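Undergrad: Need coordinates for the following:
(one chain, ligands or ions: 1)
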Amino acid sequence: MALVAALLPAMSGEPAGGSEIGWLSDEDSTPVMHLSFDDGPHWLFTPMLLDLLDSYGARASFFPTGETIAARWDPETTQALLSRGHTVGNHTWVHSDLSTLSADSALAEVARASVGLEALTGFKPSCFRAPYGEVGQIRARLGPDLGMSLAGWTADPQEWRDPPIQEVLSYLQSRERDGMVVLLHDRKWLTLHIVERLLAIYSSRGWTFEVLPGCHATGARDSRVAILESGDPPVGRIEAFGERDGSTWLEGWAFDADLPGGGLPLRVTVSGQEPVIAGRTAEDHHFSFPVSLVSARVSGLVCVWAVDAGQQGHDPSLGCRRLPAG
Ligand SMILES: [Zn+2]
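TA: Numbering: from 1, shown residues only. So this is what the prediction gives:
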């Protein structure tokens, strides 16, 4: 199957380290759903949700309140979410209704959350989700003053009301369209069940699950690497997969502060088969290998881990991608 660069047509040439590259299949009518999760993280449900998303090669956008993520997660945990291909945006520091605040107070509240997130991720968030959908007086200042775009939604199943799962699925069906943005909350047990059903149903129909376009710029390699110290687990991510020279290739980067010259081993599984060491990162921390190196099967779910050669023996996930049926 011929593949075309469809996400970023301007970059359809050779991939370069650290760039955002996406290859999509010929049927670029493949519908995309943007899952977003507000108000987390939850100590138990969020890690379970991350495993669930991995099992479908799905990526999502997270909007924790600054106060909650700063209290519950350290940089290591936050980086692990980013390495799996998800993104983190700003949802204010204390879940403020910005329509009740003066412009200056609202700006300060939102800016405080960006500073808090930067301490965990290494970069300022590029997208903002307003609590209660209320932006107040600062709509025009989000971009110029805070460097963020506004992230809305097109489907709000209100699962905090504890509706039956079937009702949520019917509602989503009624709101179905390519590029739909679904608002959910990763602090609820019910949400896991909804997402499990949703991923199964829509994956089988050929939908893919991507982060919100306005949040794409986050997670640049240099800024994430800058907050790492010796002994920290490696960070990185899969950046692209696609067809080149008749094979399906997987590309990305991974960085271990204890291996500044590269050489970090990468473990790969294809569709649940035995893991294989696919190779090591290059001197520039980039990796690139044909999936056929790992498995004769080049469709299904491909997952990549960094194998930590450092002090603690972590094996952080670099996420999963669902390769199209060949
Ligand atoms: Zn919220």
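
Undergrad: quick one: contacts of stretch 67-82?
TA: 39-41, 43, 50, 62, 64, 88, 93-95, 116-117, 119-122, 218-219, 224, 227, 232-233, 235, 237, 316-317 (Cβ atoms under 8 Å, 6 or more residues apart in numbering). Glycine gets a C-beta too; all of them are placed from N, C-alpha and C.

Undergrad: Distance across that stretch, terminal residue to terminal residue?
TA: 19 Å (Cα to Cα, to the nearest Å).

Undergrad: which parts of that stretch are buried?
TA: 68-70, 73, 75, 78-82 (16 or more other Cβ atoms under 10 Å).

Undergrad: repeat for stretch 225-232
TA: 225, 227-228, 232.

Undergrad: Which of the residues you listed fall within strands?
TA: Among the buried residues of stretch 225-232, DSSP state E puts none in strands.

Undergrad: Among these, which one lies nearest to the ion?
TA: residue 227 (26.1 Å; Cβ to the ion).

Undergrad: Which residues are in contact with the closest residue to the closest one other than its chain neighbours?
TA: Once flanking residues are discounted, residue 227 sits nearest to residue 122: 4.2 Å by Cβ to Cβ, 6 or more residues apart in numbering. Applying Cβ under 8 Å, 6+ apart, we find residue 122 in contact with 75, 79, 223-227.

Undergrad: repeat for residue 33
TA: Counting by Cβ under 8 Å, 6+ apart, residue 33 has contacts 180, 182, 202, 207-210.

Undergrad: Got a ChimeraX select line for the buried ones in the contacts of stretch 67-82?
TA: This is how ChimeraX selects the buried members of the contacts of stretch 67-82, with burial counted by 16+ other Cβ under 10 Å:
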select :39,40,41,50,62,64,88,93,95,116,117,120,121,122,218,219,224,227,232,233,235,237,316,317
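
Undergrad: restrict the contacts of stretch 67-82 to those near the ion?
TA: Taking Cβ under 5 Å from the ion as the test, the ion is in contact with residue 39 out of the contacts of stretch 67-82.

Undergrad: Just the ones of the contacts of stretch 67-82 in helices?
TA: Those of the contacts of stretch 67-82 mapping onto helices are 50, 116-117, 119-121, 224, per DSSP state H.

Undergrad: Return the item of those residues having minimum pLDDT.
TA: Among the ones in helices among the contacts of stretch 67-82, residue 224 carries the weakest pLDDT, at 89.

Undergrad: related to what we said a few turns ago, quick one: which of the buried residues of stretch 67-82 is nearest residue 134?
TA: Nearest to residue 134 among the buried residues of stretch 67-82 is residue 68, at 18.8 Å by Cβ to Cβ.

Undergrad: following the helix or strand harbouring the closest one, which helix or strand shows up next?
TA: Taking DSSP states H and E as the definition, residue 68 sits inside helix 66-72. Next in sequence after helix 66-72, counting helices and strands by DSSP H and E, comes helix 75-83.

Undergrad: any idea how far that next one is from the chain center?
TA: 10 Å (Cα atoms, centre = their mean, to the nearest Å).

Undergrad: Greatest separation within the contacts of residue 33: which pair is it?
TA: That would be 182 and 208, which, of the contacts of residue 33, are the farthest apart (Cβ to Cβ) at 13.6 Å.
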